[in-house]
Each structure stands twice: as structure tokens, then as C-alpha cells.
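Asker: Following is a predicted model, sequence given first.
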Amino acid sequence: MDSTAYLRFLLSLTLVLGLIFAVTWAIRRWGAGVLVPKLARGAGGARRLALVDVLSLDGKRRLVLVRRDDREHLLLLGINGDLVVEHDCVQPRFELPSPPPPPQPETGA
């Protein structure tokens, strides 16, 4: 092989690696929204499906809390099959406690 074949190989390799990096950058920049059609999203382009929490029970089973729109569902995923544990889980409502009142200065009598 002569030097032009090596040069062509290096240029092709550089081009392919550059394309891979460009696609990776684009996916990180715009997320999976490029791959997911707008029809699968809710009003205003918001995602309708979210993974809220995952708890690994053992090596074979996991509890998964999934939110769809305004509802949450608890699923048990395993090798033998999947099971819906609870439909329409109530979302917890957390409120910050009010701060205690400042201490009153004692008046000596």
C-alpha cells in the first residue's frame, strides 16, 4: 500500500469519528426529544411519562413507580412476569413546616 491509501484511511476514520461525536453531541444537547415525535407529548410539548422511583427488591424483582400525566402506578417487574401492584397511587403532598416563632425576651419582675 502506498501513502495515499493510508491518508485516505485516516481521513475516512476521522470523518466517521467526527460524525459519531456530532450525533452524540446533538442527542445530549437536544435530548431524546429529537427521536420522540411531538405527537407522543402532551400539551406544550411536556413529557407525559416519567419514571418516579425504582426499588430493587432482589436480583430478580424491582418495584417501579411510573407517572403518566397526573396519575402514578406501582409496578412489580420480574423475570416471571410483571404485575400492577397499585393503580392511581396518591401523590404525596409535601409542605414545608412553618418556622417556629422567635423567642420572646424575658422581662424580669
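Answerer: Noted; the coordinates are in hand.
Asker: any idea how far stretch 97-109 is from the chain center?
Answerer: Distance of stretch 97-109 from its chain centroid, counting by C-alpha atoms, centre = their mean, to the nearest Å, is 45 Å.
Asker: Check stretch 18-33 too.
Answerer: Put simply, stretch 18-33 sits 17 Å off its chain's centre (C-alpha atoms, centre = their mean).
Asker: What average pLDDT does that stretch get?
Answerer: Averaged over stretch 18-33, pLDDT sits at 84.
Asker: so how far is residue 10 from residue 81?
Answerer: Distance, residue 81 to residue 10, by C-beta to C-beta, to the nearest Å: 52 Å. Where C-beta positions appear, they are placed from N, C-alpha and C, glycine not excepted.
Asker: more crowded one of these two?
Answerer: Neighbour totals were compared for residue 81 and residue 10, and residue 10 leads with 10 against 7 (other C-beta atoms under 10 Å).
Asker: domains of this protein?
Answerer: Here the domain assignment for the chain is 1-35, 41-90, based on automatic domain parsing.
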